[in-house]
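Visitor: 3D model of this:
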Amino acid sequence: MGASSALTIPAHKKELHIISGSSHRELAGMVAKKLGTELSQVELTHFANGEIMCKLEESVRGADVFVFQSHFNPVNDAIIEQAIIIDACKRASAARITAVCPLFGYARQDRKSSGREPIAARLMIDILATAGANRIVSLNLHSGQIQGFFSGPFDHLTALPALAEHLKSKFGTDFVIVSPDTGRVKMAERYATYLGTDLAIVHKRRVGKNVAEALDVIGDVKGKNCVIIDDMIDTAGTMCAAAEQLKKHGAAKISAVSSHGLFSPPAKERLDNSPINFIIVTDTVPQTLKFKNAKLEVVTVSDLLASAVKAIFEDSSVSAIFGGLNQI
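Guide: Residues are numbered from 1 along each chain as shown. As a prediction, this is how the structure comes out:
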C-alpha cells in the first residue's frame, strides 16, 4: 500500500473587515481609507413594515470584523441595525466582532436616579453582546462606568487630544477652560491640565428635563476668552445657560466645545440667540447645521478611530495611542 499524501494547510492570514451601518458611513469610510482598505459591502434594506434586513456581500469567515455605527437619529433604528449586522457577521463565522460606536446611545441612562426607572445603557450593552459583539469601542462616554456593563474588552477612547490641539492652534493658551456644571469638572480639569490653562466652573441646577438654569461662576472670567467643555451638546440648554452667565461676568469671547454635537431641537434656536462665538465639535455624528451667529468647526476623530482599530487588529495597546488619557 502506498504512503498516503498529507494535506498541506497554508498559514492563515488574518483579514480585516470594516462594515458600516447607515447612520454615518462617511466616518467609517474615512477610517477604512486611513487603514488602506475599503468598507466591506453590506446590503441594508427594509421590509414594508419597517423591519431591517441585512445581507453581507462578502465572506467574513475567520475575519476580524469592525461594525461601525453611531447611535444617532433615529437612535433606536441605529442600535438595532448595528445588532442585526453583528448577528449576520456571527452567523457568517467571523472570528472576532468589534462594535465601534463613536456615539453610544442611551449613555445618559447609566443608573437609576429615582424609582421605577430602567438602566437603559446596560440594556444597550446586553443587546450588542447578545448579537455577538466580542468587543466594544466608543468615544467619550457620558459616564465611564458603562464600560463595566460589558463582560468583554471595552475600549473607551477620548477626543481630548484632537480637540485640545485644535484649541491650541486656534487660541494658543490664552483662554480659560470652563466646566458648564459641577458634573463636568473632572473633564474640564483634564483639558486645563493638558493645555496649561486656567479653570472656571459654572454653578447650575436642572429645573426640568432638558432645562438648565445657571446661577453663578466660580473663577475669574472677566475680559477672558472662555471655552466651555462638555461631552455632548443635545438641546444646548446647559451650554447656553453657562454662556449667559459667562457673559454676565464679563467674558470677552465664548466658545462651546463638545465631543458629540447632536443639536436636537431647539438647540439651533438657542445657540443662534446665545453669546457663543464658536461651536467646536467632532464628527462622531454627521454635521450639517448652519448657525446664524456662531461659527461651527468640526474636528475629525477618524485618525483616533483608525489608530484604535489598527491596535486592536494587531493585538497591541490601545491606551498607548492616547498616552493613557483614555484610562483616566
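Visitor: drop to CA atoms for contacts and neighbour counts, all remaining ones
Guide: Fine.
Visitor: that's a strand at V227, yeah?
Guide: Yes. Under DSSP: H, G, I helix; E, B strand; the rest coil, V227 falls within a strand.
Visitor: tell me how many other residues crowd it.
Guide: Neighbour count for V227, taken as other Cα atoms under 10 Å: 27.
Visitor: next one: it relative to T288, how far apart?
Guide: Per Cα to Cα, to the nearest Å, V227 is found 22 Å from T288.
Visitor: and what of I312?
Guide: From I312 to T288 the distance is 31 Å (Cα to Cα).
Visitor: what of Y191?
Guide: As judged by Cα to Cα, Y191 and T288 stand 27 Å apart.
Visitor: looking at these two, which is more packed in?
Guide: In this view Y191 and T288 are compared by other Cα under 10 Å, and Y191 has more residues nearby, 21 against 7.
Visitor: residues of the longest helix seen in the chain that come out buried?
Guide: Longest helix of the chain, by residue count under DSSP state H: helix 75-91. The neighbour-count check on helix 75-91 (16 or more other Cα atoms under 10 Å) flags 75, 77-90 as buried.
Visitor: what about the helices in the stretch 201-328 of the chain?
Guide: Along the stretch 201-328 of the chain, the stretches classed as helices by DSSP state H, counting those that start in this stretch are 237-248, 267-272, 302-313.
Visitor: try the stretch 51-200 of the chain
Guide: Under DSSP H, counting those that start in this stretch, the stretch 51-200 of the chain gives helices at 75-91, 120-131, 160-171, 185-195.
Visitor: out of those, which is closest to V65?
Guide: helix 75-91 (7.7 Å; Cα to Cα).
Visitor: contacting residues around the closest one?
Guide: 21-23, 52-56, 60, 65, 67-72, 97, 99, 105, 124, 127-128, 131-133 (Cα atoms under 8 Å, 6 or more residues apart in numbering).
Visitor: before we move on, the earlier item: so which of the helices of the stretch 201-328 of the chain is the most surrounded?
Guide: Of these, the one with the most neighbours on average (mean count of other Cα atoms under 10 Å) is helix 237-248, at a mean of 23.
Visitor: got the domain boundaries for the chain?
Guide: Domain segmentation of the chain under automatic domain parsing yields 16-158+303-327, 160-300.
Visitor: now those domains as TSV including mean pLDDT?
Guide: Converted to TSV, the domains of the chain look like this (pLDDT from 0 to 100):
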stretch	mean pLDDT
domain 16-158+303-327	95
domain 160-300	93
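Visitor: got the contact list for H260?
Guide: H260 sits next to L103, D231, M232, I233, V281, T282, D283, T284, V285 when contact means Cα under 8 Å, 6+ apart.
Visitor: how about 10 Å then?
Guide: 102-104, 139-142, 159, 230-234, 280-286 (Cα atoms under 10 Å, 6 or more residues apart in numbering).
Visitor: with A311 instead?
Guide: L305, S317, V318, S319, A320, I321.
Visitor: so how do I select the buried members of those residues in ChimeraX?
Guide: In ChimeraX, this line selects whichever of the contacts of A311 come out buried by 16+ other Cα under 10 Å:
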select :305,318,319
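Visitor: including distance to L246, could the contacts of A311 go into JSON lines?
Guide: Below are the contacts of A311 laid out as JSON lines (distance: Cα to Cα, whole Å):
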{"residue": "L305", "distance to L246": "34"}
{"residue": "S317", "distance to L246": "41"}
{"residue": "V318", "distance to L246": "37"}
{"residue": "S319", "distance to L246": "35"}
{"residue": "A320", "distance to L246": "37"}
{"residue": "I321", "distance to L246": "35"}
